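[1] Okay, structure incoming, though there's no sequence with it:
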């Protein structure tokens with residue numbers, strides 16, 4: 001059992017949480033793999049679903065393995081992480097929008 005030192009106190013992390021996080025990661029990865037491999041739906045909804053599954057995978061990693069909610073002091077790191085995710089998705093979505101609709105512009 002691993003321990004994290006926070007402000008002079010020890011917090012124990014249950015191995016059950018690590019196992020649960022690992023199993024969730026495996027399930028999310030398997031679902032994504034099967035969906036992408038079988039082409040069981042149209043491309044548009046498939047991309048949206050894979051993006052949602054990827055975002056869930058990020059949250060599983062952050063909360064179960066990186067312990068994002070733990071730590072000393074104000075939760076600035078969580079706010080900054082959320083801001084970084086918003087910027088990342090904004091840039092990615094704007095790039096897709098430009099690639100999809102930029103071809104219709106006449107010069």
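    Good, I have the coordinates. Remember, predicted model here, so these are calculated numbers, not experimental data.
[2] pLDDT below threshold where in this protein?
    1-13, 68-69, 71-75, 102-107 (pLDDT under 70).
[3] So it: which segments form each domain?
    Structural domains annotated on the chain: 1-72, 73-107, as defined by automatic domain parsing.
[4] residues of the shortest one that come out buried?
    When burial is assessed from 16 or more other C-beta atoms under 10 Å, domain 73-107 yields no buried residues. Where C-beta positions appear, they are placed from N, C-alpha and C, glycine not excepted.
[5] secondary structure element for residue 98?
    Element membership of residue 98, judged by DSSP states H and E, is helix 76-101.
[6] what distance separates that helix from the centre of its chain?
    13 Å (C-alpha atoms, centre = their mean, to the nearest Å).
[7] helices or strands up against that helix?
    Helix 76-101 is packed against no helix or strand, with contacts defined by 3 or more C-beta pairs under 8 Å, 6 or more residues apart in numbering; DSSP states H and E.
[8] one more time with 10 Å, if that's ok
    helix 43-60 (3 or more C-beta pairs under 10 Å, 6 or more residues apart in numbering; DSSP states H and E).
[9] Identify each buried residue in the helix it packs on, please.
    53, 56, 57, 60.
[10] Can I take it that residue 67 is in a strand?
    No - Residue 67 sits outside any strand when classified using DSSP: H, G, I helix; E, B strand; the rest coil, being coil.
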